[in-house]
Each structure stands twice: as structure tokens, then as C-alpha cells.
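S.K.: Could you work out the structure for the sequence below:
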Amino acid sequence: MTNKLTITCAACGTFDAHYLGDHIKSAHGLTVAQYQQTYNAPAWSKTLDEKYKASNTRRSPAPSLDNLTVEFAGIRAPVNTDVPVSACLPMPQAYTIPTSGKLGRDVESAAFSLNRKRSMYVHGLPGSGKDALFHAWSNMTRTPAMIFQIQPGEDVQGWFYSRSFDQHGTRWEEGELLKALRDGYKSPVSGRTVPYMILISDFDRADRSQAEALRLVMDSISGRVKGPAGVTYPVLAGTQIVATANSAGAGDTRGRCISANPIDASILDRFERKCQFHWMDWADEVKVVKAKFPMLVEKCPDIFPQVGAATESIRKGIEANELYAEFSHRALCSWLSLAEDMVYGLGGKVPNGLLKKAARAFLDGMPDDEAVTVCKRLMDPHLKGGAVDEGDTSHINSGNLNY
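M.R.: Modelled structure (predicted):
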């Protein structure tokens with residue numbers, strides 16, 4: 001008689017398997033515990049038991065929703081699991097938390113302050129990911145958030161309260177920002193009140209009258225906010241005020257963001273943290289652009305080292321005041337987006353001189369001819385075939401590709 005590896009069901013005497021749990025449930029209506037008690041027989045074979053023990057399997061229980069955390073720039077931050085994503089700021093497309101270079105250090109420093117709900121003023125060059133940081137933080141930690149953008153001539157006071165008219169006469173109407181600061185966000189899941197993050201974007205675009213109205217926001221950092229008719233309300237504890245700008249508060253010192261205005265020092269002084277953001281290091285940025293442009297990754301992956309070297313050269317030229325222009329992440333995406341449009345329009349074929357042709361996506365936006373010339377010179381050593389040529393009429397290259 002040979003030794004069986006499987007076991008036979010004691011209830012029917014016909015079914016053989018390594019594990020009987022599913023069979024005894026469907027065929028006999030018994031749980032494993034009931035089967036073992038009734039028939040005094042095992043529900044799984046020795047072979048299966050030995051294999052399981054040999055695997056040295058260790059199972060950890062799922063984390064409690066009350067203690068759920070997420071890693072952000074090297075720290076563990078708590079997650080509001082009772083806040084739906086619809087109440088948070090949307091996640092930027094293909095966002096990657098910067099870890100390299102100057103911006104990696106900027107974001108790491110900002111994350112410590114975000115985790116402690118400090119008020120923050122983040123400034124830096126266009127396209128350095130200032131707003132994106134707060135969007136990602138809100139989305140990943142499920143922090144309810146509202147964004148208010150400074151627009152020229154907009155009635156900022158209306159964010160707090162305004163006078164309205166109806167058939168009964170005039171009355172005060174409370175604005176979204178006042179209610180957010182005072183009342184917070186009520187979770188539809190738990191009924192808990194959660195403090196908001198309030199993001200003021202383009203803070204340095206405010207004119208004098210708007211800046212005075214923004215004192216109401218800054219006063220809220222101190223725990224109070226003024227409503228209509230001079231009534232003062234307490235701000236919900238834990239509410240966080242953050243702002244982004246292109247300048248550090250002295251206005252447009254570079255001549256490239258002329259709508260940036262000087263900010264009253266007494267307003268800036270109310271922010272607990274000031275942080276300057278720099279452009280993203282290519283080691284991080286290449287991950288983002290590859291995620292955004294999969295067709296280029298598939299059809300011409302060799303362009304990315306060239307694009308990276310050219311990008312770094314252009315930005316160094318800007319920092320050294322050789323080039324009077326900007327080259328943000330948006331400009332980089334414009335360049336690669338046009339390149340992808342070309343490949344798509346040509347049925348997946350890669351044209352000769354693709355990068356040089358597509359560079360007009362940002363070169364055409366340069367402030368003058370001198371800036372275009374300087375930018376081409378900075379790019380020249382890094383693109384195959386040299387600097388961008390005017391009137392390049394190359395045809396589709398079906399052999400060795402010259403990007």
C-alpha cells in the first residue's frame with residue numbers, strides 16, 4: 001500500500017485533496033472547525049502543512065486606519081482616512097517627490113514644516129514645483145484644502161464676506177474662505193471636523209488694496225479672523241495657511257515677472273516659514289517627463305540624455321545671467337510635447353533632427369533674437385547635429401536616427 005500525499009474527506013470518503021476547506025463547505029455545509037470536531041480528522045494534508053512551515057511565512061496585520069501614514073520626502077505623515085480625495089487638491093500629473101539637488105533639499109525642509117502644520121511662504125522661479133508640493137501633500141495625506149489665486153483687480157475681500165441684496169434689503173454674505181477658516185471641513189464619513197489647508201497662489205501678485213485684505217488671512221495665523229460688521233471669529237485649531245510666489249517679497253528684481261509686487265514686511269513676517277524653491281534636478285525631472293511622454297520613451301529613448309544636458313546648460317546660463325529668459329518644467333514639457341506630436345503625426349516615425357525641430361516650442365517664446373541666439377549656443381554641445389538650425393528641411397530618417 002502506497003502512502004498518499006493527499007487526504008480523503010471523512011464525510012463522503014470519495015474526495016481527495018491537500019486542502020478540504022472549500023469541499024466540505026460546498027458539499028457538506030460545514031466549516032473547517034465543525035468538520036474537525038465532527039469527524040476528528042484533519043482538513044489539510046501533512047504535505048501541505050510541511051510546505052507551509054518550511055516557507056516560514058510571516059503575516060503582518062493590515063495597519064489600523066486610525067494609524068495610517070504615508071511617506072513623504074523621508075518623513076512619515078498621518079493620513080486622514082475619513083477625508084475623500086474630492087476634498088483635497090488634485091495630484092499633479094506624474095508628480096515625483098524631488099529627492100536630488102537643491103530642490104530635493106528644499107522639499108525635505110518644507111515637508112518637516114508641513115507635517116507640523118506651520119504657515120509657509122514658498123517662493124522661487126516659475127515652474128519649480130511650488131504649488132505642486134502643496135497639491136501633492138494635500139492629496140497624499142488627505143488634507144482637505146482650498147486654493148485661492150490672486151488675480152489683478154479681484155475683490156479679495158469677497159473671499160471673506162460681501163454685501164448682497166434681496167427683496168428684504170441688504171445683508172452680509174459670508175465667503176468661502178471665512179467659513180473654511182472658522183468651520184473647517186466636516187467629514188461625511190466620520191462626522192469629524194478636520195482643519196483646512198488654505199493655499200494662496202501668486203501671493204506677490206497682490207496690489208496694495210488686495211494686500212491689505214490679505215491681512216485678514218495673516219491674522220488667521222494668529223488664531224482669529226474678522227467677519228462682517230467687525231465680528232471676530234476664532235480660527236479652527238490646526239488650520240494651515242500656505243502661500244506661493246515668484247519673488248521673496250521685494251517685487252520683480254529679475255525683470256522677468258513684472259506683475260510681482262513688493263509685499264508689506266509686516267504681512268510676510270506673520271509666516272512661520274519662508275522657503276526658496278529651485279529648479280528640479282534632472283535626476284528627478286527625467287522620471288517625470290518619461291512618465292508624461294511614453295511615446296518618446298518607446299520610439300526614441302536616446303533623446304533624454306541630450307534633453308537633460310541641454311536643460312541643465314540652459315538653466316545654468318539663466319542663473320549666471322547669460323540668458324535673459326526662463327526655462328521651467330513647463331517649457332521643457334512644451335519641447336517634448338511638440339516632439340511627441342511630430343512622432344505621432346508621422347505615424348510613429350522619428351524625423352531627422354527631432355529635438356532641433358521641436359525646440360521652437362520654447363524658442364518662439366524667447367523675449368528677443370539675442371535670447372534665442374544665446375539659448376542655441378547653450379544647447380549646441382548637447383544636441384546631435386549641433387545647435388538648432390533655421391529652416392531645417394530634413395526628411396524622415398529610417399536608418400540611424402539623428403535627434
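S.K.: what residues are up against the residue most central in space within the chain?
M.R.: Computing the C-alpha centroid of the chain and ranking residues by C-alpha atoms, centre = their mean puts residue 136 first, at 3.3 Å. Going by C-beta atoms under 8 Å, 6 or more residues apart in numbering, residue 136 touches 72, 91-92, 95, 97. For glycine as for every other residue, the C-beta is placed from the backbone atoms N, C-alpha and C.
S.K.: Over to residue 267?
M.R.: Counting by C-beta under 8 Å, 6+ apart, residue 267 touches 211, 214-215, 218.
S.K.: can I get these in TSV with secondary structure?
M.R.: Below are the contacts of residue 267 laid out as TSV (DSSP: H, G, I helix; E, B strand; the rest coil):
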residue	secondary structure
211	helix
214	helix
215	helix
218	helix
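S.K.: re the thing from before, hang on, the residue nearest to the centre of the chain in a helix?
M.R.: Yes: counting by three-state DSSP, residue 136 falls inside a helix.
S.K.: Kindly indicate which of the contacts of residue 136 lies nearest residue 323.
M.R.: residue 92 (26.5 Å; C-beta to C-beta).
S.K.: I'd like the distance between the closest one and residue 135.
M.R.: Distance, residue 92 to residue 135, using C-beta to C-beta, to the nearest Å: 5 Å.
S.K.: So for these two, which residue has more residues nearby?
M.R.: Each of residue 92 and residue 135 has its neighbours counted (other C-beta atoms under 10 Å); residue 135 has more, 20 against 15.
S.K.: right, and the more buried one touches residue 85 too?
M.R.: No: counting by C-beta atoms under 8 Å, residue 135 sits too far from residue 85 to count as a contact (11.8 Å).
S.K.: follow-up on the earlier one: now, which of the contacts of residue 136 sits nearest residue 234?
M.R.: Nearest member of the contacts of residue 136 to residue 234, counting by C-beta to C-beta, is residue 72, at 29.4 Å.
S.K.: Spit out the contact partners of residue 271.
M.R.: Going by C-beta under 8 Å, 6+ apart, residue 271 touches 119-121, 218, 221, 241, 243.
S.K.: likewise residue 72?
M.R.: The contact partners of residue 72, taken as C-beta under 8 Å, 6+ apart, are 97, 111, 114-115, 136-137, 140-141.
S.K.: Which ones among those residues lie within strands?
M.R.: Counting by DSSP state E, the contacts of residue 72 place none of their members in strands.
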